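**Student:** the following block contains a protein sequence and its predicted model.
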Amino acid sequence: MSRKWFTLLSILLVLSLVLVACGGNDNVNEPGNTADVNLGEEVEEAVEEEPVVEPTEAPAEEPAEEATEAPAEEPAGDVVALNLMGWSSSDAENTRLQQVVDDFNASRDDIEVTLNFVPDYDTTLQTRLAGGQPPDVFYIDSFRLPDLVEAGAVEPAEGRIDDPDDFYESLRAAFTYDGTFYCPPKDFSTLALEYNVDMFDAAGLDYPTEDWTWEDLEAAAAELSNPDEGVYGMVLSADMARWIAFLYQAGGAVANEDFTEMQLTSEEALAATEFYVGLVEQGYAQQPSELDSGWAGEAFGKGRAAMAMEGNWIIPFLADQYPDVNYGVVQLPAGEQEATMAFTVCYAVAADIPDDRKEAAFEVVNYLTGSEGMKAWTDLGLAMPTRQSLRDQWLEQFPDLQPFLDGAEHAYPWQFIPGFQDVLDTVNNGLQEAFVGSMLPDQVLEQAQEVGEEVLNR
Amino acid sequence: MATGIKGQDREDAVAGWLFMTPALIIFTLFLVIPILFAVYYSFTDWNGISPPSEANVIGTDNYEEVLVGGGIRQSDFFKALKNTTYFALGVVPVQTILALLLAVVVNQRLLRFKDFFRTAFYFPSITSSVAISLIFLFLYQRSGLINNLLETVTFGAWEPIAWMTDARGLIHIILEKLGITLREGPEFLRSELLGLTVWDWLSGPSVALTAIMIMNIWTTIGTMMIIFLAALQDIPSSIYEAAAVDGATAWPTFRRITVPMLRPTIFFVVTLGLIGTYQVFDQIYVMSSGGPAKTTLTMAFMVYRNGFRNSEMGLGAAIAILLFIIIFILTLIQRRITGSEAAY
């Protein structure tokens, strides 16, 4: 008796526990309810998701009520209710974006946009796309673009965006895939060099300048390091998203122009990797984890590293967590050439919605990325405008952030090919191993090259 | 179960089914159907983004890719299998033995503050594992509490380490102390087996994985203790009295009465432990996301990583099915070894 019982019980346990992870998912993803989303359903759906939504969600109830009354309103003209989904950032930014959206809603009586911030964004987006009920407008990080485009989730923005040439070229490139421009950039960040003024003063060193080279960086880092006290010249992560700036500075590339051949075993790549790893090996730089920090910004704020290479997201972080740090910002040092990385997010329109909704959605996107909406959104000094025409005006307001904005001129987009995550993981692991000496720079690159070729041939 | 419904009223049977219906519906809807879907998707190239109806059936390609493909997916899969196995080998025995000891301790009639200890030991099990993971991230920092504690206990001999980014395998560390390294060791260490070198297979859990294992033991031990405690209280006191009359002392009583009487429970706890460890996900997700150097990449995390981050839901489903098969086989083997009947 008890044997049978236990067999049954253990089978049930195994089954249920193993498949719990896939289970929840599959249910959301069940086929069938594709495309024919009417207004009411769409807004109701947004309300259904309320439990997982940030506090800013409260206004969502309003349109929901409106939608149930929709038939009554119809004679007065159809109101297209659109859903804009994104991830939550700082409170200030969330509130500001809501204001911008409210402004748009006030200016139009035929379109009503509901802004939704969801946690665990990628998973939520993926299940909604697969479920055939995508949000009409949603954020895409440039790195995710190829996967989403390949899956047919994104409506091309080519020819439907006002004055696209006004966007910085590197940002347009970040959302161009296979020659098609898919979505206009919402804002962006570039990497720059942050330095601790007090530590430079104490060491009697000149502050970094725009003309710095790798040699200058290395020399200063060596001077500023004091491993006995746990202080280093620089904080570096085992992260491809930082290492790659050196790759481009060295004149190297991940692959050839049309991405048919990986080029990670080039001399330039080796030089970049040896320099990057060398900083750590020689004791001039250290990883955040070795400096009791979760990320580079924290190590920099704690004064454990005199320099960091992060994007402008570090500014509000330092102001909030380490307001006493006296620091400056310059553009990254140059190798063979100047280069930095641009990390950017766009407003994409879903491919899987009716045409009239698409049109309305592009109007919203045009407003948000147009000069009026973009100006209102970037006025906080947290996000940087992606339109070159707004540059001067913005810099007058926030002159301190100029190095970040100037980076756009020679920034490379953080976007590759579908499935590139495997290469990213491989490079990150390789750098991690190289930092502790269990792999050599050329081995790291060979491995990455091999995985890259595999991904290309899939 | 064997006695069944035979002589029962038909009405009773109908009532029984009626009572079971809600549970059956939920069971079918949220378990049976998703399982069948997962099996189906594991034979497709579904990316998890486009509607599932657009997925193409590709036969056993996903399974071949991870089992014999020879690429990064194969080596990742076996890396995950290796990590998960080390995780289970480390966690299950320790948590079972410690839980049993704790249960015996808090079962003592003469123990004072019994309720306090029971609550204290059980507490980690009912606390959110995400919250615990976040706190342990701080404890495991280089200047964190754990390094400080070890330093104090060893009078400064302990070199502080950054636990969560240390990719060195425990067995590797020991082998290197013995002078055996990958470069200088015997040739067979460099030969490849299922996408990994023999040296990689022998790594042992990395320091980072060990840190998560320790935390995992601490959080799961309470639940196991409760199960043992319930079983202990089920053992008839007459048996102990008989033993006492025969002059048995504490250890023989424990060894020859308590443990054999607990056999079905031990089987149950080990099974739960095996399943739990082979599916460890949340702590990995919060603390390390598979890093450093993929040494905390577990199978369940790989299912998630491939399904969501790499847009390979079909492949993820295939790994989930393989994980199910592995756990199922392990449970059968373990049942052979422990046996589930009380034996005395």
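**Tutor:** Everything's here; your move.
**Student:** and stretch A:248-258, which residues are buried?
**Tutor:** A:248-255 (16 or more other CB atoms under 10 Å in any protein chain shown). C-beta: built from backbone N, CA, C; applies to glycine.
**Student:** got the CA coordinates for it in CSV?
**Tutor:** The C-alpha trace of stretch A:248-258 is given here as CSV (Å, rounded to 0.1, in the frame of the first residue of the first chain):
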residue,chain,number,x,y,z
TYR,A,248,36.1,49.7,-31.3
GLN,A,249,38.8,52.1,-30.0
ALA,A,250,41.4,49.7,-31.1
GLY,A,251,39.9,49.7,-34.5
GLY,A,252,38.4,46.3,-34.3
ALA,A,253,34.9,45.0,-34.8
VAL,A,254,32.7,42.1,-33.7
ALA,A,255,32.1,41.1,-37.3
ASN,A,256,32.4,42.4,-40.8
GLU,A,257,30.0,45.1,-42.2
ASP,A,258,27.1,42.8,-43.2
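**Student:** contacts for it, please.
**Tutor:** The contact list for stretch A:248-258, computed with CB atoms under 8 Å, 6 or more residues apart in numbering or on different chains, reads A:214, A:244, A:247, A:261-264, A:266-269, A:271-272, A:275, A:332-341, A:412, A:416, A:423, A:452, A:456.
**Student:** which of these are buried? Put it as a ChimeraX command.
**Tutor:** Of these, the buried ones can be selected in ChimeraX as follows, counting by 16+ other CB under 10 Å:
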select /A:214,244,247,262,263,264,266,268,269,271,272,275,332,333,334,335,338,339,340,341,412,416,423,452,456
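**Student:** before we move on, back to that, which one of the buried residues of stretch A:248-258 is nearest to residue B:295?
**Tutor:** residue A:254 (25.5 Å; CB to CB).
**Student:** what are the phi and psi values at that closest one?
**Tutor:** phi -70, psi -40 (degrees, to the nearest 10).
**Student:** any idea how far residue B:275 is from it?
**Tutor:** 41 Å (CB to CB, to the nearest Å).
**Student:** does any part of the host helix or strand of residue B:65 sit near chain A?
**Tutor:** Using DSSP states H and E, residue B:65 sits within helix B:61-68. No. Helix B:61-68 does not reach chain A (CB under 8 Å from any CB of the partner chain); its nearest approach is 9.6 Å.
**Student:** other SSEs contacting that helix?
**Tutor:** Applying 3 or more CB pairs under 8 Å, 6 or more residues apart in numbering or on different chains; DSSP states H and E, we find helix B:61-68 packed against helix B:72-106, helix B:313-338.
**Student:** tell me the helix or strand right after the longest one.
**Tutor:** Towards the C-terminus, the helix or strand next in line after helix B:72-106, according to DSSP H and E, is helix B:114-126.
**Student:** just give me the neighbour total for residue B:128.
**Tutor:** 9 (other CB atoms under 10 Å in any protein chain shown).
**Student:** would you list the phi and psi of it?
**Tutor:** The phi/psi pair for residue B:128 (degrees, to the nearest 10) is phi -60, psi 130.
**Student:** same check on the one 5 residues further on?
**Tutor:** The phi/psi pair for residue B:133 (degrees, to the nearest 10) reads phi -60, psi -40.
**Student:** please identify the buried residues of stretch B:39-58?
**Tutor:** B:39-52, B:54-55.
**Student:** how far off centre is it?
**Tutor:** Centroid separation for stretch B:39-58 versus its chain: 29 Å, with CA atoms, centre = their mean, to the nearest Å.
**Student:** please apply the same query to stretch B:198-218.
**Tutor:** Per CA atoms, centre = their mean, the centroid offset for stretch B:198-218 relative to its chain is 13 Å.
**Student:** what is the end-to-end distance of it?
**Tutor:** With CA to CA, to the nearest Å applied, stretch B:198-218 spans 31 Å between its terminal residues.
**Student:** ok so, going back, so for residue A:125, which of the helices and strands packed on helix B:61-68 sits nearest?
**Tutor:** helix B:313-338 (13.8 Å).
**Student:** ok so, going back, what's the angle between the helix holding residue B:65 and helix B:72-106?
**Tutor:** 80 degrees (axes from the mean of the first three to the mean of the last three CA atoms, to 10 degrees).
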